[in-house]
Every structure is written in C-alpha cells, then in structure tokens.
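Q: I'll drop the sequence and a predicted model, then ask my questions.
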Amino acid sequence: NRSKSIIATRMWANMLGQALYQIAVVMFLLFGGAEAFGFEEGHLVESDDGLYPGYKKENSIHYTLIFNTFVWMQLFNEINSRNLEGEFNVFRG
C-alpha cells in the first residue's frame, strides 16, 4: 500500500531503544569506564603535547574498550534487527 509508511511504529521503537542503549553504554564507558575497570583514562595516556606532566603517549586501553564495545553492539544489532515484529528467535526463517 503506497499510503503506509516505510518505517513502522515497531521499527521506530526498536531504533530509538537501540540508540538510547548504545548512547548510555558508550557514555558510561567514556566517563566512568576507566575507573570502573581499573585503567587510566584515555586522554591522560594518548595525548602528549608536553604541556602537562604525566602524559605517556601510548595507545589507550580506555578508548580501545569503547571502540570495541561499540563495534560489538553494532554487530549484535545487525543480527537482532533481522526480525521486525518482535519475534524472540532471530535465527528462524
């Protein structure tokens, strides 16, 4: 039917829910993840402009964790978005 929207109400709910979930997880990891998991904050490790003592100029575990968490959330979202009507088993059909 040409008068129906391409994006159904259930799809809008799924997109909004996934977006809010990903934003919440990434913000937690960005602002509290280093302390929660016991490593140094990324901006203290990667930045070495010589202005502040304590900078190390290394790759940050903190930012690596944030990036990898985001990638895994995207992969699982891709799998889970195969069914649009709220079916529990995403691998059926």
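A: Great, that's in hand. Numbering: from 1, shown residues only.
Q: all contacts plus neighbour counts: C-alpha atoms, from now on.
A: Noted.
Q: helix or strand with the lowest mean pLDDT in the chain?
A: Counting by mean pLDDT, DSSP states H and E, the weakest-scoring helix or strand in the chain turns out to be helix 42-46, with a mean of 76.
Q: please save the CA atoms from that one in PDB.
A: Presented in PDB, the C-alpha positions along helix 42-46 are these (Å, rounded to 0.1, in the frame of the first residue of the first chain):
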ATOM      1  CA  GLY A  42      42.300   7.700  27.600                       C
ATOM      2  CA  HIS A  43      43.000  11.500  27.500                       C
ATOM      3  CA  LEU A  44      45.800  11.100  30.000                       C
ATOM      4  CA  VAL A  45      47.500   8.300  28.100                       C
ATOM      5  CA  GLU A  46      47.300   9.200  24.400                       C
END
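Q: show me what that helix is packed against.
A: On a contact count with 3 or more C-alpha pairs under 8 Å, 6 or more residues apart in numbering; DSSP states H and E, helix 42-46 meets helix 61-80.
Q: contacting residues around the residue most central in space within the chain?
A: Nearest to the mean C-alpha position of the chain, counting by C-alpha atoms, centre = their mean, stands residue 70 at 3.2 Å. Counting by C-alpha atoms under 8 Å, 6 or more residues apart in numbering, residue 70 makes contact with 22, 26.
Q: what's the pLDDT at it?
A: The model reports residue 70 with a pLDDT of 96.
Q: what's the distance between it and residue 23?
A: 9 Å (C-alpha to C-alpha, to the nearest Å).
Q: likewise for residue 79?
A: Plainly put, residue 79 is 19 Å away from residue 23 if you go by C-alpha to C-alpha.
Q: avg pLDDT for stretch 11-28?
A: Throughout stretch 11-28, pLDDT has a mean value of 93.
Q: nope, stretch 80-93 is what I meant
A: 75.
Q: residue 26: which element?
A: Residue 26 belongs to helix 9-37 when assigned by DSSP states H and E.
Q: tell me what angle that helix forms with helix 61-80.
A: If you take axes from the mean of the first three to the mean of the last three C-alpha atoms, to 10 degrees, helix 9-37 sits at 160 degrees to helix 61-80.
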